[in-house]
Each structure stands twice: as C-alpha cells, then as structure tokens.
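[1] pasting the sequence and the predicted model now:
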Amino acid sequence: MSSYKDQQKIKPKIEEIAESFLDGDNLNHFMDLLGFLKDNKLNPRWDYINRWSFNYKNKKVCYIRINDDGTWIFYPNQFGSKHFSDWFMEYNQYITDDEVKAFVWANLQQDKRCARECKGIENIVILGKEFKRICFCWTIGVTNPERVDLECAKKLVVTIKNIIADLAAASKS
C-alpha cells in the first residue's frame, strides 16, 4: 500500500488500485458497484489511502476502501448528522424496503476508534428494530459485498441521493 503522501500527490484512480488488490468475484462485484455509482453521476474522488468518496450536490453519499489484503469495504454515508442514530431517526421514512432494512441491520459496525472507551452506549431503534447497548458512533460497512448485498447497497445509494435532492429542493423554497 502506498503512503498517504504518495497517494495525495498522484490521487490514484480507483480502478487501478482495485485491479492491483482485488480479483475474481471481489473484483467483479466491485466493478459492478463502481459502474452503478458512475452511471448515477457519482464519480470517485480520492479521499485517503486507498479510499474514495462519492458525492452528490457536495454531500458524501458513500465511500469505498480497498485493502491490500484483497478485500474492499462499502460505506454508505450518514451525511449531515453528527450521530448515526440521529440520521436514521431523521430519515427513516425514506427507507421502506424490507431487504434494505435487513441489509442495514446486518451490516452495522462499531467505529473502531471509539470501541475501546465509548461512553455513549444506549438502546436505540434503527428502522423499526431495537438494538441494545449500541453506540451512536456505529456506521454501516459491508466487506466484500455479495450480489444480494450489492442490490441493497444500490437501493441505499439511490435513497441517500433522494434525501439529498429533497433537502436541496426544500432549502430553495
């Protein structure tokens, strides 16, 4: 893996890094999601070492990280909210698809920076399901998404874009 300074200078293309570290179904699934994102006018912007963000109307929709161990992770973004649980409470009416809800529930991940010392543990409801002893620093992250996960990831991306569009339209009125 290149250093931050090296990548900051050259801002590598996501496809080049993917082809260097991924293969087989991992590469195929990755390229499928990348194609979908680009088709939806969400172009990759280098963000950090082997990580790219995808923005819509200057708001981050998602980001993807490619690891040097041959894995990649898709993270939908909870833009505009300091806390994960707040985002789902504010925008849960947009996510009505049961498969997408199950996808979100199955892929909750605790922020590794806060996992050791988190004081924000609480019981919260995310998309109608209660989670006990969850931290507001949790996020959604999917490592090496399979085909069914990709379809839910795509639906979630479209949902996030719709939320951003609705917020933009509301701010103009």
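    That came through, no problem. Residues are numbered from 1 along each chain as shown.
[2] neighbours around the closest residue to residue 140 other than its chain neighbours, how many?
    In space, and not counting its chain neighbours, residue 140 is closest to residue 107: 4.9 Å by Cβ to Cβ, 6 or more residues apart in numbering. Glycine gets a C-beta too; all of them are placed from N, C-alpha and C. Residues lying near residue 107 (other Cβ atoms under 10 Å) number 21.
[3] correct me, but residue 42 touches residue 59?
    No: if you go by Cβ atoms under 8 Å, residue 42 and residue 59 don't touch, sitting 10.9 Å apart.
[4] so which of these two has more stuff around it?
    Each of residue 42 and residue 59 has its neighbours counted (other Cβ under 10 Å); residue 42 has more, 20 against 16.
[5] wait, a strand at residue 42?
    No: counting by DSSP: H, G, I helix; E, B strand; the rest coil, residue 42 falls outside a strand, being coil.
[6] residue contacts, it?
    Counting by Cβ atoms under 8 Å, 6 or more residues apart in numbering, residue 42 touches 54, 55, 56, 61, 62, 157, 161.
[7] would you map the helices across the protein?
    Using DSSP state H, the helices of the chain run over residues 4-10, 14-21, 24-39, 84-91, 98-106, 147-172.
[8] what's the burial count for residue 50?
    The burial count for residue 50: 21, using other Cβ under 10 Å.
[9] and what of residue 73?
    17.
[10] specify the beta-bridge partners of it.
    Per DSSP bridges, residues listed as beta-bridge partners of residue 73: residue 65, residue 143.
[11] quick check: it touching residue 143?
    Yes: applying Cβ under 8 Å, one finds residue 73 in contact with residue 143, separated by 5.0 Å.
[12] just list the residues touching residue 41, thanks.
    Residue 41 neighbours (Cβ under 8 Å, 6+ apart): residue 56.
[13] buried sites along stretch 157-166?
    Using 16 or more other Cβ atoms under 10 Å as the test for burial, stretch 157-166 gives 157, 159, 160, 161, 163, 164.
[14] who touches it?
    By Cβ under 8 Å, 6+ apart, stretch 157-166 touches 36-37, 40, 42, 54, 56-57, 59, 61-62, 76-77, 79, 91, 94-95, 100.
[15] so how far is it off the chain centroid?
    Put simply, stretch 157-166 sits 13 Å off its chain's centre (Cα atoms, centre = their mean, to the nearest Å).
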